[in-house]
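*Asks:* Got a sequence here, can you model it:
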Amino acid sequence: MGIELPDSRNPFSRHPTFQALKEEGLGAQEIKERLKTPEAKAALMEESAQGLGARWFPEGAAELRVLRGEPGEYEITDPAQFVAGQAEAAGLDVWEFAYEELVQKESMFSKALTKNAAPDGNLDPIFHDLKRPITRCALGDSGAHLTSLMDGGFFPWFLAHFCRDRTLGPTFSIEEAFKILTSDNAELYNLEDRGLLKVGLLADLNVIDGERIMPQPPCLKYDLPAGSGRLHQQPVGIEATIKSGVVIMELGEETGDIPGQLLRGPQSV
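*Replies:* Numbers count the residues shown, from 1 in each chain. Predicted coordinates for the structure are as follows:
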């Protein structure tokens, strides 16, 4: 989950000052610029002191990470790395820290995992759940939840973190990871014509650079009708995506070919 200033879930979204700018019909960048003035900051801080801000934020600051252009780390065990800890280290309350990061620096807050999933930040429980033979993953959406969350960055993160970079616990072999991401899911949905590199099956492939694979920092794109926003997270390290033997993405760019078709139910060889 990513939180930027214009997003309706940002800490200042319920402040009267922010609401007034939204009601003017201003775009995302215009709102940012208007809030950078000393007068706007003073108004936001006064409204925060009056309890007019988003009720989830002060407590939720202990679960948010600041992204300043770097890929997000989702296994964090040091409380000092979260918004509340960074605010304390900077000598600021969480509202002023949020203003400096979201408004002045145009950073993003990211909520990695809920405390229910990883109470101490360590992802060992997640790892062991992923090891279960009944678990299936990487089946999330890449846009249906708009600015709330976006699961499309999971599979590059899974390969980068759980196969290559993790230091706080066990990891998967690359063979295990590929099976989890491909043939296990194809088997679940009875897609017998894909999921394996095998003669007679569809040539649906990702060509991956294992040293570089990584999701980039999430961002908001305002390219939906009426300028609405959506979360976007472009990976690096995917050299090509091939659908039915046709290259549809190369070095992160679309080729223009779209051989895919809508699936209706199980697929046989």
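*Asks:* contacts and neighbour counts: CA atoms only from here.
*Replies:* Will do.
*Asks:* For Ala87, give me its contacts.
*Replies:* Ala87 makes contact with 93-94, 97, according to CA atoms under 8 Å, 6 or more residues apart in numbering.
*Asks:* make it 10 Å
*Replies:* 61, 80-81, 93-98 (CA atoms under 10 Å, 6 or more residues apart in numbering).
*Asks:* Switch these over to a markdown table; also include secondary structure, distance to Gly121 and pLDDT.
*Replies:* Shown next, in a markdown table, are the contacts of Ala87 (DSSP: H, G, I helix; E, B strand; the rest coil; distance: CA to CA, whole Å; pLDDT from 0 to 100):
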| residue | secondary structure | distance to Gly121 | pLDDT |
| --- | --- | --- | --- |
| Ala61 | helix | 14 | 86 |
| Ala80 | helix | 12 | 87 |
| Gln81 | helix | 11 | 85 |
| Asp93 | coil | 23 | 93 |
| Val94 | helix | 21 | 94 |
| Trp95 | helix | 24 | 95 |
| Glu96 | helix | 25 | 95 |
| Phe97 | helix | 22 | 95 |
| Ala98 | helix | 22 | 94 |
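*Asks:* Pick the one among the residues you listed closest to Ser148.
*Replies:* Ala61 (16.7 Å; CA to CA).
*Asks:* Can you tell me how far that closest one is from Glu88?
*Replies:* Per CA to CA, to the nearest Å, Ala61 is found 11 Å from Glu88.
*Asks:* if I look at these two, which residues touch both of them?
*Replies:* Contact with both Ala61 and Glu88 is made by residues Val94, according to CA under 10 Å, 6+ apart.
*Asks:* The two: which is more packed in?
*Replies:* Counting neighbours by other CA atoms under 10 Å for Ala61 and for Glu88 shows that Ala61 has the greater number, 21 against 13.
*Asks:* Many thanks, I have nothing further to ask.
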